[in-house]
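Engineer: My questions concern the predicted model and sequence given below.
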Amino acid sequence: MNIVLIGFRCAGKSTVGRLLSKRLKKEFVDCDEYIEKKMCLLIREIFDLWGESYFRLLEGQAIADLCKLDGRVIATGGGAALRYKNIHNLKRNGYVIYLEVAPAKACERITRDPQSRDRRPPLSTKELFEEVTEQLAFRRRYYLNAADLTVATDERSGEEVVAEILAHLKARGLMGPEEGDDSEASLA
């Protein structure tokens, strides 16, 4: 079974995913990085060249590929949960965890992280806070409907989020006895 992280940009999917994979002793796969490696282009370049629709097609193909694997921690792109087929594929062999972030915290993290700004295209011509607030309001129901577990990431370190996830997985019998130790990292 895979552990799948969904949520908005800068919710902590990659940070938490890397930490979780280490603790669970499972390989980590970032879906956006998988697409970038396969296409030899950044996500922003794919959007610029072919648009969002083409990117969503690539994302769907990547998710279909990744779902065939087992025992991975997979971080999806922020829009992956918008397509039923993606969630259907992810849930076939995965436990889906929604990392929830508030608009103000997402904006703070986006502004602080030049890689996020450079690699990911804006989704509209609106000011950042307005765009993020609107996108999160629209997407939240998709994230919640897809999730087996929701974990808030605002004002929490990556380790705190991972500890909550591990406790949940252990309580549900979804973790092996050898899985779950190590520590570090901050989402702030």
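Structural biologist: Here it is on my side, so go on. Every value quoted in this text rests on a predicted model; they were computed, and no experiment measured them.
Engineer: For the strand ranked longest in the chain, which strands pair with it and how are they oriented?
Structural biologist: The single longest strand within the chain, with elements called by DSSP state E, is strand 94-100. Partners of strand 94-100 in the sheet, by DSSP bridges, are strand 2-6 (parallel), strand 149-152 (parallel).
Engineer: list the buried ones in the shortest one?
Structural biologist: Same thing as strand 149-152. Leu149, Val151, Ala152 (16 or more other C-beta atoms under 10 Å). For every residue, glycine as well, the C-beta is placed using N, CA and C.
Engineer: Verify the contact between Pro103 and Glu131 for me.
Structural biologist: No. The criterion here is C-beta atoms under 8 Å, and Pro103 misses it with Glu131 at 9.3 Å.
Engineer: Met1 against Arg92, yeah?
Structural biologist: No. Look at Met1 against Arg92 with C-beta under 8 Å: they stay out of range, at 9.9 Å.
Engineer: lowest-confidence helix or strand of this structure?
Structural biologist: helix 114-119 (a mean of 62; mean pLDDT, DSSP states H and E).
Engineer: and the angle for whichever helix or strand comes after it with strand 2-6?
Structural biologist: Sequence-wise, the next helix or strand downstream of helix 114-119 (DSSP states H and E) is helix 128-146. Relative orientation of helix 128-146 and strand 2-6, computed by axes from the mean of the first three to the mean of the last three C-alpha atoms, to 10 degrees: 150 degrees.
Engineer: on contacts alone, who are the packing partners of helix 128-146?
Structural biologist: helix 84-92, strand 94-100, helix 103-112 (3 or more C-beta pairs under 8 Å, 6 or more residues apart in numbering; DSSP states H and E).
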